[in-house]
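Participant: The sequence and its predicted three-dimensional model are supplied below.
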Amino acid sequence: MTEEHRYEMDSNWVKERIVTIEIEGKPTFNVATPIDFWPDAPTDVLSPEDLFVASVVSCYGVSLSSVSKRFHAEFTNFSVKGVGTLAKGEFGWEFDQISLEAQIVVPTEKDKKRMEKAADRAHRYCLVGNSLKCPVHLNFDIIVE
Amino acid sequence: MMTQEHSYRVQAESVRPMFIGVRVKDMDEFEVTSAPDWWPDAPPGYFSPQTMFVSASASCYALSLFRAAKALRTKFKHVFVDAFAPMMEEDGIWRFEAIQLKVRIVLEEEADRAKMDKAALMAHNSCPINNSLRTSSTLDYELVVE
């Protein structure tokens, strides 16, 4: 692994199934669940590596917002930071890991218990994460406020 | 089980050297370029995670083609990538089943064909995004002289 090929970004929840992607020095943009999974879904120069990591980060975020509903876990807000690193693989450069740090704010202790399950389930069912060769490591912190 | 209902199509096309335009249905076109750690001169709407994922694959291939062409000391005029990615569900878990890259590479002269043929394959093998996929990434390309 080399620090030279490291891509970092943040994602914050906006509303419903919409989150932001924020990369230093670049315009912030929104990401939404596609219309085939969410019928009410709404319709600068980024690199493929930015987009790749952004797709993992934002996928976890929209998965969390969806799964939390199924677990009846309320949240006030959440943010996700993602870092992906490249390493030399068998055929050339490839991502050797992506790490996600999520901070989730909930209103009650009951929501915290439910959100722990939702946060874990969202990671397990994240379809972008499940499409990668490299591991996606998730750490989450749930705060009651 | 593959389903067409959850398939995402993205197109990427070169707009000028090292800059790729990416198109997703019903959205404004946006440009993608190499990260500054690969290209020191690199300058500083709603996309879904799935369309961004496929965008990453399509644009990465096109950018890898520039690097491959340079490494083989050859050139091309234009590249167009049509990426199609169906999803599948297995044991209740959705993931991409495949990413299919259909590529059209335009050459200025016939003399460039042999080396660009190698460059097209090299780009696919060296693309960091495609090398990071669990799913298969297939490449179907054509070289035309115009």
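Facilitator: On my side now, so go ahead.
Participant: all strands of the chain, in order?
Facilitator: Assuming you mean chain A. A:6-15, A:18-21, A:29-32, A:77-88, A:93-106, A:136-144 (DSSP state E).
Participant: switch to chain B, that's the one I care about
Facilitator: Going by DSSP E, chain B shows strands at B:2-16, B:19-23, B:30-33, B:78-90, B:93-96, B:98-107, B:136-145.
Participant: rank those by pLDDT, which is bottom?
Facilitator: Lowest mean pLDDT within these: strand B:2-16, a mean of 54.
Participant: Select the longest helix from the chain.
Facilitator: With no chain named, the answer covers chain A. helix A:48-70 (DSSP state H).
Participant: The chain in question should be chain B.
Facilitator: Under DSSP H, chain B gives helix B:49-71 as its longest helix.
Participant: And that one, what does it pack against?
Facilitator: helix A:48-70, strand B:2-16, strand B:19-23, strand B:30-33, strand B:78-90, strand B:98-107, helix B:113-126 (3 or more CB pairs under 8 Å, 6 or more residues apart in numbering or on different chains; DSSP states H and E). Using the backbone N, CA and C atoms, a C-beta is placed for each residue, glycine as well.
Participant: if I pick the closest residue in space to B:Val145 that isn't next to it in sequence, what's in contact with it?
Facilitator: Nearest non-adjacent residue to B:Val145, counting by CB to CB, 6 or more residues apart in numbering or on different chains: B:Leu107, 4.9 Å away. Applying CB atoms under 8 Å, 6 or more residues apart in numbering or on different chains to B:Leu107 gives the contacts B:Phe76, B:Lys77, B:Arg113, B:Met116, B:Leu143, B:Val144, B:Val145, B:Glu146.
Participant: Can you give me the neighbour number for the first one?
Facilitator: Neighbour count for B:Phe76, taken as other CB atoms under 10 Å in any protein chain shown: 21.
Participant: Is it correct that it is in contact with B:Ile105?
Facilitator: Yes. B:Phe76 is within contact range of B:Ile105, at 5.3 Å (criterion: CB atoms under 8 Å).
Participant: List the residues that are in contact with both of these two.
Facilitator: Joint contacts of B:Phe76 and B:Ile105 (CB under 8 Å, 6+ apart) are B:Leu65, B:Met116.
Participant: Just read off the phi/psi values of the residue of chain B positioned farthest from its centre.
Facilitator: What lies farthest from the middle of chain B is B:Asp91; by CA atoms, centre = their mean that is 29.8 Å. Backbone torsions of B:Asp91, given as degrees, to the nearest 10, read phi 50, psi 40.
Participant: Quick check: it vs chain A, distance?
Facilitator: 11 Å (CB to the nearest CB, to the nearest Å).
Participant: Spatially, which residue comes closest to the residue nearest the centre of chain A, not counting chain neighbours?
Facilitator: The residue lying closest to the centre of chain A (CA atoms, centre = their mean) is A:Val57, at 2.7 Å. Leaving aside its sequence neighbours, A:Val57 sits nearest to A:Gly82 (CB to CB, 6+ apart; 3.5 Å).
Participant: quick one: pLDDT of the one you found?
Facilitator: 82.
Participant: That one and B:Leu72: what is the separation?
Facilitator: Counting by CB to CB, to the nearest Å, the gap from A:Gly82 to B:Leu72 is 34 Å.
Participant: Neighbour count: the two, which is higher?
Facilitator: A:Gly82 (26 against 16).
Participant: so what's that one bridging to?
Facilitator: A:Met9, A:Leu100 (DSSP bridges).
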